[in-house]
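S.K.: here is a sequence together with a model predicted from it:
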Amino acid sequence: MNAKLFLKTLFLIAVLLLLVLMGMHNRQTVNFALPPILPNPQTQPAAIMYFAFFAIGILTGVIMVAGGKGGGGKNKAEK
């Protein structure tokens, strides 16, 4: 197994563990207001908010990393 992939997997598991711990210990409701997009404030349990922000962060990271030039492996092989 690739060491870099293994370390990334361990990091993701650690972050998910923190997400689970936050969800278990933060059960109160919180208000989230974003007037330009959401006309009414949203009231949700804190754990749902943590999960939503985590999911948005993961999607943003995937979008930022995805794409690019697909020929990177060919250039290394030719040299």
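M.R.: Yep, it's here.
S.K.: so after the strand or helix carrying Leu19, what's the next helix or strand?
M.R.: Using DSSP states H and E, Leu19 falls within helix 3-25. With elements assigned by DSSP H and E, the helix or strand that comes after helix 3-25 is strand 29-32.
S.K.: packing partners for that following strand?
M.R.: For strand 29-32, the packing partners by 3 or more CB pairs under 8 Å, 6 or more residues apart in numbering; DSSP states H and E come out as strand 42-45, helix 46-65. Every C-beta, even on glycine, is put in place using the N, C-alpha and C of the backbone.
S.K.: how about the helix holding Leu19: buried residues?
M.R.: Residues of helix 3-25 classed as buried: 19, 23 (neighbour count, 16 or more other CB atoms under 10 Å).
S.K.: quick one: mean pLDDT for it?
M.R.: The average pLDDT within helix 3-25 is 86.
S.K.: Ile37 should be in a helix, yeah?
M.R.: No. According to DSSP: H, G, I helix; E, B strand; the rest coil, Ile37 belongs to no helix; its state is coil.
S.K.: can you tell me which residues contact it?
M.R.: Not one residue lies near Ile37 by CB atoms under 8 Å, 6 or more residues apart in numbering.
S.K.: which phi and psi does it have?
M.R.: The phi/psi pair for Ile37 (degrees, to the nearest 10) reads phi -110, psi -50.
S.K.: out of the helices and strands packed on strand 29-32, which is closest to Met24?
M.R.: Comparison of the helices and strands packed on strand 29-32 against Met24 by CB to CB identifies helix 46-65 as nearest, at 7.7 Å.
S.K.: quick check: the spatially most central residue of the chain vs Leu16, distance?
M.R.: Most central in the chain under CA atoms, centre = their mean is Ile58, positioned 2.4 Å from the mean C-alpha point. Between Ile58 and Leu16 the computed distance is 10 Å (CB to CB, to the nearest Å).
S.K.: check Asn31 too.
M.R.: Separation of Asn31 from Leu16 (CB to CB): 26 Å.
S.K.: over to Gln28?
M.R.: Distance, Gln28 to Leu16, using CB to CB: 22 Å.
S.K.: do Asn40 as well
M.R.: Using CB to CB, one gets 31 Å for the distance from Asn40 to Leu16.
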